[in-house]
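quick check, what structure comes out for this input:
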Amino acid sequence: MSGGAMIRNRVLYGDRIVPCYDDCPENLDRMLAATAEAHGERPALKDIGQTMTYAELSDRVALIAAGLAARGISAGDRVVLFLGNRSEFVVTLFALWRLGAVAVPVGIRQTADELAYMLTQCGAVGLVHERDLADRVPPAAAIPAVRLLVECSDTAQRPVLADRGAVAHDALAGDARCDAPSPARDEDAACIMYTSGTTGRPKGAVLTHLGFWHTARNYRDRFAYTEQDRMLLVIPITHISGLLAGLTVMMNVGGLVVLERAFKAAAALDVLEAEKITAAILVPAMYNLLLLEPDLESHDLGAWRVGHFGGAAMAEVTITKLAAKLPSLQLLNGFGSTETTSAVSLTEPSRRNEHLDSVGTLLPCVDIRVLDEEGREVPPGENGELWIRSPGNASGYWDQPEATRKGFVAGYWRSGDIGSVDDKRYLRVHDRIKDMINRGGFKVYCVELENVIHEFPGVIEVAAVGAPCPVLGERVHVFVHANGRIDAQDLRAHVRNRLADYKTPDFVTQTPDPLPRNLNGKLSKVPLRERARAEAELRSASHNPKEST
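This next block holds a predicted model:
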């Protein structure tokens with residue numbers, strides 16, 4: 001049992017036996033209805049100064065759902081949400097769930113070609129987009145299945161694509177309401193979320209109502225969220241962390257979500273103080289940028305108790321500095337993916353200063369097996385590929401049966417991550433299988449190396465990749481974004497003092513700009529590997545072994 005609920009095994013998606021809480025609602029529409037009934041007068045959303053209560057959110061959802069239904073959207077239809085962090089995203093999301101339709105969140109950095117692929121691949125019949133993104137809406141001939149275009153704008157203006165029948169989001173709401181309970185079942189698709197696509201085209205992970213609710217429940221219980229919490233949501237709401245750990249969990253408990261459309265460290269500090277934010281999800285680089293703000297300690301951030309992070313390791317030195325400057329802040333790590341509907345492990349707040357090399361302990365209903373290259377389970381604490389079973393696992397990849405067959409085996413999702421689980425259920429993640437550097441037969445786990453480099457003065461971001469080498473196979477190339485100039489030799493000496501000599505970077509490149517990130521906001525090593533490969537070819541051609549700086 002957990003949080004008063006019984007955990008029982010269930011057969012999911014035809015052939016998986018998975019432990020689940022026994023009080024899961026029928027769907028996420030029912031979840032919001034229960035929250036609105038219990039906390040109707042409490043604030044739910046704040047966007048560019050406008051606050052909406054749960055009662056007002058519920059009313060708006062009913063009106064927009066009716067407007068969508070009147071324009072032909074029904075159960076099972078896929079509708080793409082090409083929107084940033086704005087209230088229309090939240091309202092439309094729940095309106096689609098009211099109808100039993102499937103939301104397809106797409107990050108606003110996608111190109112027209114990428115958007116066209118996703119619209120076509122999932123067979124979307126509707127697209128809701130921001131006015132400023134109208135130039136990236138593909139031509140009608142490229143997306144023939146799309147029969148509804150909806151435009152969101154902060155001002156009342158005629159839609160840019162009015163000649164294609166586009167309607168303003170506000171125009172969806174009339175006098176009619178859709179108050180009928182959603183027809184969706186808990187195993188039905190709630191969202192299709194496209195993976196980062198590090199190789200080839202992205203795959204659409206089918207995430208269910210049951211999966212969303214279970215992960216939100218685990219966040220609620222682990223971090224002790226209540227209706228009193230106020231969440232700053234500045235990471236993209238179209239990313240699984242923003243959508244689940246920021247939005248869905250607050251809609252579950254009745255807390256407030258403060259939507260910010262972009263991250264600037266100085267502005268974030270002002271919002272954290274003014275809104276008395278109690279929780280925020282930031283990537284490690286954002287915490288480092290907050291530390292660099294000269295007036296950090298002049299802000300009253302005493303209400304901020306949960307600083308959640310994931311998707312990348314945070315250096316222990318950063319944790320130590322934040323603890324000194326913000327003693328009331330609990331830095332809580334986590335690990336998950338799109339395919340697991342966010343977290344499968346989270347830091348336990350009471351033990352947050354223990355095992356800082358871990359990404360927390362496994363959550364209830366989660367089982368992770370660690371297998372070697374021959375498919376044999378390794379002893380506790382030893383490294384292997386993480387095979388994950390949880391209620392949050394995607395039911396599969398949309399219209400990609402072969403990828404589903406390879407990715408989901410015997411009820412487990414093959415993560416492709418190298419890690420370990422010890423006998424106390426602490427999870428450690430070392431690297432992606434394809435990202436690990438093999439330097440002359442010695443394995444270099446990039447996360448370990450990056451953690452050490454993060455401790456070097458001035459470093460904001462770092463990424464380690466393998467550079468091709470005709471002798472060793474690969475050498476270690478690190479890219480560093482720092483506050484001011486750093487000395488490559490001093491950085492190497494710092495690493496040599498902490499790690500085995502073969503883990504010392506062979507090449508150090510300092511970049512004036514932040515490191516690249518993919519469309520889901522995660523640090524992307526693909527362009528860095530390409531750059532490392534190009535620089536290796538130049539060195540080979542010139543017989544110049546020196547590093548770039």
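
low-confidence regions, the stretch 201-350 of the chain specifically.
Along the stretch 201-350 of the chain, the model assigns pLDDT under 70 to residues 311-313.

need the nearest residue in space to residue 316, chain neighbours excluded.
residue 356 (5.3 Å; C-beta to C-beta, 6 or more residues apart in numbering). Any C-beta I mention is one placed from the backbone N, CA and C, and that applies to glycine too.

tell me how many other residues surround residue 34.
The tally of other residues near residue 34 (other C-beta atoms under 10 Å) stands at 13.

picking that back up, separation between the residue nearest to residue 316 and residue 127?
Distance of residue 356 to residue 127, computed by C-beta to C-beta, to the nearest Å: 44 Å.

who's more crowded, these two?
residue 127 (25 against 16).

in what helix or strand does the more buried one lie?
For residue 127, the element it lies in under DSSP states H and E is strand 126-130.

mind listing the strands that strand pairs with, and their directions?
Strand 126-130 pairs in its sheet with strand 78-82 (parallel), strand 148-152 (parallel), by DSSP bridges.

which element is residue 477 on?
Element membership for residue 477, per DSSP H and E: strand 473-482.

any stretches of the protein with poor pLDDT?
Within the chain, the stretches with pLDDT under 70 are 1-4, 196-200, 311-313, 433-434, 441, 518-521, 543-549.

so which residue is smack in the middle of it?
Closest residue to the average C-alpha location of the chain: residue 241 at 3.3 Å, with C-alpha atoms, centre = their mean.

that one and residue 128, how far apart?
Remark: distance between residue 241 and residue 128 (C-beta to C-beta) = 21 Å.

check residue 269 too.
From residue 269 to residue 128 the distance is 32 Å (C-beta to C-beta).

hmm, back to that, ok, the residue nearest to residue 316 touching residue 318?
No - if you go by C-beta atoms under 8 Å, residue 356 and residue 318 don't touch, sitting 10.6 Å apart.

and whichever helix or strand residue 530 is part of, C-alpha only, in PDB?
Here residue 530, judged by DSSP H and E, is contained in helix 526-542. Output of helix 526-542 as PDB, limited to C-alpha atoms (Å, rounded to 0.1, in the frame of the first residue of the first chain):
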ATOM      1  CA  VAL A 526      24.300  15.100 -31.700                       C
ATOM      2  CA  PRO A 527      25.700  18.400 -33.000                       C
ATOM      3  CA  LEU A 528      28.600  18.200 -30.500                       C
ATOM      4  CA  ARG A 529      29.600  14.700 -31.800                       C
ATOM      5  CA  GLU A 530      29.500  16.000 -35.300                       C
ATOM      6  CA  ARG A 531      31.700  18.900 -34.400                       C
ATOM      7  CA  ALA A 532      34.100  16.600 -32.500                       C
ATOM      8  CA  ARG A 533      34.300  14.300 -35.600                       C
ATOM      9  CA  ALA A 534      35.000  17.300 -37.900                       C
ATOM     10  CA  GLU A 535      37.700  18.600 -35.600                       C
ATOM     11  CA  ALA A 536      39.200  15.100 -35.400                       C
ATOM     12  CA  GLU A 537      39.400  14.900 -39.200                       C
ATOM     13  CA  LEU A 538      41.100  18.300 -39.400                       C
ATOM     14  CA  ARG A 539      43.700  17.200 -36.800                       C
ATOM     15  CA  SER A 540      44.300  14.000 -38.700                       C
ATOM     16  CA  ALA A 541      44.700  16.000 -42.000                       C
ATOM     17  CA  SER A 542      47.100  18.500 -40.400                       C
END
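
who's in contact with the closest residue to residue 253 other than its chain neighbours?
Using C-beta to C-beta, 6+ apart and skipping residues adjacent in sequence, the residue nearest residue 253 is residue 225, 4.9 Å away. Applying C-beta atoms under 8 Å, 6 or more residues apart in numbering, we find residue 225 in contact with 219, 249-250, 253, 255, 279, 306.

my read: residue 8 touches residue 22, true?
Yes - counting by C-beta under 8 Å, residue 8 touches residue 22, with 5.2 Å between them.

hang on, the earlier thing: same list (the contacts of residue 225) but as TSV, adding distance to residue 209 and neighbour count.
As requested, the contacts of residue 225 are exported to TSV (distance: C-beta to C-beta, whole Å; neighbours: other C-beta atoms under 10 Å):
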residue	distance to residue 209	neighbour count
219	16	27
249	15	25
250	17	26
253	17	20
255	20	23
279	24	27
306	25	20
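
from the residues you listed, pick the one nearest residue 76.
residue 249 (26.2 Å; C-beta to C-beta).

many thanks, I have nothing further to ask.
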